[in-house]
Structures are given as C-alpha cells and as structure tokens.
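Trainee: task: produce atomic coordinates for the following.
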Amino acid sequence: MSVNKRSKKSRMRGCWTHGWGEKKKHRGGGSTGGRGNAGSGKRADSNKPCFWEDRLYLSKQGFVSRTRTPPTFAINIGRLDQLLKQFVSEKKVEEKNGAYEIDGDKIGFNKLLSTGQTNKKMIIKIDNASPKAVEKIQQAGGQVIVAEKKPAPVKKEEKAK
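Mentor: Numbering: from 1, shown residues only. Got it, this is the predicted structure:
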C-alpha cells in the first residue's frame, strides 16, 4: 500500500528557518561574514590593520614581462597594393621614376607579409619583412630594405674598489 507523503516545502510553511537552524543561515555568504572584501573592517575598524598587512589579498597578481617588445603592425602585399593610391593622395608615399617609395613608419606599419599579389614596382623601407614577401616584391621589379636592428646598449660595470 502506497503512502501519500507531503512535500518538505509544504511542511515547512510558516517556519522561518525551513530546517536550517538560525534565520540567517543558508543564504549564501551570510553566516561566513559575507563575500569578497566583506568583513574587512567596515564596521568599527576592527579588522582593517590585519587586512592591510596582507598585501597579496588586495594587490593584483600575475606575470609581467620585463622585456617590452614593441607591437607589430603588419600589412600584406595585396592590401598595400590596394591602399597605394590612397597613400599617394595623402602624401605618405612618393612616386619617383616609375617606382613607389614607401616608408613603413609613415604609413604606420612595421612588418610586410606575403599574402596577395602586386605588379607595381615598389621600394619599401620597413623594420621587418617575411622572406616570401621580399621575393614577391623583387619579382615585381621592386626592392625591400629591411632596417637593421640596433643592439641594446651595454651598461659598463663599475670596478670594485
């Protein structure tokens, strides 16, 4: 014979605690002092000195690279070919003797990539270029001048007395 048992929620109607003891219990972070920085001395300054001593609790953590590499702004050969007329009109690129003289710093790019095609003769001065991009520009009758990287200055060590 089966027994029809009432659900727990219906049996707990009218009971403040629903079987969890004190009224404030079973509400997430209620009985533990709250969440996050709660309990950090917001009332009566009681915990603030302890809270300040633990610098890791308040500070950001993680890895920060000490060698800052400049960001790379790359452009493909095909895109450069499309934007060439715009750069000439903005006087960022000069046309001399049937060749376009392009300075990477003026157009805002520091790397040349090989995607796309061009049949225009270009003389490009840029910080970095892929070997395939250099080959494609040379096949079109142009030239790529890659800037030499300057070595970092070496600090002289002081002589110990």
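
Trainee: neighbours around Gly141, how many?
Mentor: By other CB atoms under 10 Å, 13 other residues sit near Gly141. In this view, the C-beta of every residue, glycine as well, is placed from N, C-alpha and C.

Trainee: so what's it up against?
Mentor: By CB atoms under 8 Å, 6 or more residues apart in numbering, the contact list for Gly141 reads 99, 121.

Trainee: what helix or strand does it sit in?
Mentor: Under DSSP states H and E, no helix or strand contains Gly141.

Trainee: give the closest residue to Phe87 in space, chain neighbours not counted.
Mentor: Val93 (4.0 Å; CB to CB, 6 or more residues apart in numbering).

Trainee: Asn110 now?
Mentor: Asp127 (4.2 Å).

Trainee: Ile145 too?
Mentor: Per CB to CB, 6+ apart, closest to Ile145 is Lys125, 4.7 Å.

Trainee: helix/strand/coil for Ile137?
Mentor: helix (DSSP: H, G, I helix; E, B strand; the rest coil).

Trainee: residues contacting it?
Mentor: Applying CB under 8 Å, 6+ apart, the residues contacting Ile137 are 77, 112, 118, 122, 124, 143-144.

Trainee: wait, is Ile123 part of a strand?
Mentor: Yes - under three-state DSSP, Ile123 sits within a strand.

Trainee: can you give me the neighbour number for it?
Mentor: For Ile123, using other CB under 10 Å, the count is 18.
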